[in-house]
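Q: Show me the folded form of this:
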Amino acid sequence: MDNVTVACIGAGYWGKNLVCNFYSLPGCKLKVCCDLNPEILSAIPTQYPGVEITNNLNSVLADPEIDAVVIASPAIHHYTMAKQALQAGKHTYVEKPLTLKTKDAEDLCHISDQQNRTLMVGHLME
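A: Sure, this is the predicted structure:
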């Protein structure tokens, strides 16, 4: 895969760093940022021209142009969002922790194998 189209789910506390990184990454097109906070979303188009904004996760996951999602939401939502993303056929990067329960992490690994999609967890400050 030469060029990857990405959506960032969560653009707040740590997500803003991921938005910046994926926006400037060669071979990557950050298409959309999704967040529930309208204040966070309103700053995105000014800082990152061309990046769309939404508060609708389902529309992001249904978009056939999006190859991969980056999840930087509160940890309690990581499992559910990552599962939805993988089942929608998206490669999925999840900020740490991957999940709050080992069995949920194992489930995500199983789903990623079934879908033939990459599942990755952030590990910057491991």
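Q: From now on I want contacts and neighbour counts done on CA atoms only, so please keep to that.
A: Will do.
Q: ok, residue 19 to residue 25 distance?
A: Noted for residue 19: a distance of 10 Å to residue 25, by Cα to Cα, to the nearest Å.
Q: Residues touching stretch 28-46, excluding its own?
A: 3-12, 19, 22-23, 50-57, 60, 66 (Cα atoms under 8 Å, 6 or more residues apart in numbering).
Q: List the buried residues of stretch 53-70.
A: 53, 54, 55, 57, 60, 61, 66, 67, 68, 69, 70 (16 or more other Cα atoms under 10 Å).
Q: Bridged to the second one, which residues?
A: So the one you mean is residue 54. For residue 54, the beta-bridge partners are residue 34 (DSSP bridges).
Q: From residue 7, how far out is it?
A: Taken as Cα to Cα, the span from residue 54 to residue 7 is 10 Å.
Q: do the same with the last one
A: According to Cα to Cα, residue 70 and residue 7 sit 6 Å apart.
Q: Likewise for the third one?
A: Separation of residue 55 from residue 7 (Cα to Cα) stands at 12 Å.
Q: try the fifth one
A: Shown here: residue 60 relative to residue 7, a distance of 7 Å by Cα to Cα.
Q: which residues do those two both contact?
A: By Cα under 8 Å, 6+ apart, residue 60 and residue 7 have these common neighbours: 32, 34, 66.
Q: Does the last one touch residue 7 like I think?
A: Going back to what we said before, that points to residue 66. Yes - between residue 66 and residue 7 there is a contact at 6.6 Å, judged by Cα atoms under 8 Å.
Q: hey, what's in contact with both of these two?
A: 31, 60.
Q: can the shared contacts of residue 60 and residue 7 go into TSV with extra columns for pLDDT?
A: As requested, the shared contacts of residue 60 and residue 7 are arranged in TSV below (pLDDT from 0 to 100):
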residue	pLDDT
32	98
34	98
66	98
